[in-house]
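J.: Could you look at this predicted model? Sequence included:
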Amino acid sequence: MPEAKMNELSRRERQIMEVLYERGQASAAEVLGGLPDPPSYSTARALLRILEGKGHVRHKKDGPRYVYVPTRPRNDAARAALKGILKTFFGGSPEKAVAALLDAAHADVSPDTLKRLARLIEQARKEGR
């Protein structure tokens with residue numbers, strides 16, 4: 001699936017995807033139950049159809065209802081979204097993104113977290129990434 005489509009989600013579509021990732025699968029009614037300030041049932045169904053059209057979810061029939069499931073593992077979708085964020089806000093620079101994250105944390109980053117980040121950077125260096 002093209003990554004551009006994976007990054008084109010409205011706030012409400014992202015909320016629906018969050019519900020689906022948390023539950024693994026859900027009917028429209030179950031999605032509604034997991035949304036803050038839920039829209040009408042027909043709006044939720046319309047949004048699920050839109051997400052299906054964009055390739056984010058698929059449905060299967062479970063008796064009289066449809067059950068929706070994400071088409072990609074959460075980790076894959078997160079990577080695609082992060083690539084879009086890097087490109088849009090940081091000019092494709094991981095360094096600028098990490099600097100912004102550390103700045104946003106206002107130095108609340110624990111020494112253990114910094115050690116883990118250093119290990120990840122070293123591993124990436126060894127792998128030639």
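T.: Received, thanks.

J.: now the chain, which segments are flagged as low pLDDT?
T.: For the chain, the stretches with pLDDT under 70 are 1-7, 105-107.

J.: in the protein, which residue is closest to the centre?
T.: Ala78 (4.5 Å; C-alpha atoms, centre = their mean).

J.: Got phi/psi on that one?
T.: With angles defined as degrees, to the nearest 10, Ala78 sits at phi -60, psi -40.

J.: How about the backbone phi and psi for Val69?
T.: Dihedral angles (degrees, to the nearest 10) for Val69: phi -130, psi 140.

J.: for His59, helix, strand, or coil?
T.: At His59 the chain is in strand, as set by DSSP: H, G, I helix; E, B strand; the rest coil.

J.: so how far is Ala80 from it?
T.: 21 Å (C-beta to C-beta, to the nearest Å). Every C-beta, even on glycine, is put in place using the N, C-alpha and C of the backbone.

J.: ok, now Arg65?
T.: Where Ala80 is concerned, Arg65 sits at a distance of 29 Å (C-beta to C-beta).

J.: Of those two, which one has the most company?
T.: Ala80 (18 against 13; other C-beta atoms under 10 Å).

J.: check which helix or strand covers the more buried one.
T.: In this assignment (DSSP states H and E), Ala80 forms part of helix 74-90.

J.: Name the residues of that helix that come out as buried.
T.: 77, 80-81 (16 or more other C-beta atoms under 10 Å).

J.: Return the alpha-carbon coordinates of stretch 122-129 using PDB.
T.: This file holds the C-alpha atoms of stretch 122-129, laid out as PDB (Å, rounded to 0.1, in the frame of the first residue of the first chain):
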ATOM      1  CA  GLU A 122      25.300   2.100  17.800                       C
ATOM      2  CA  GLN A 123      23.300  -0.800  16.500                       C
ATOM      3  CA  ALA A 124      22.100   1.200  13.500                       C
ATOM      4  CA  ARG A 125      25.700   2.300  12.900                       C
ATOM      5  CA  LYS A 126      27.000  -1.300  12.900                       C
ATOM      6  CA  GLU A 127      24.200  -2.300  10.500                       C
ATOM      7  CA  GLY A 128      25.100   0.600   8.100                       C
ATOM      8  CA  ARG A 129      21.800   2.400   8.600                       C
END
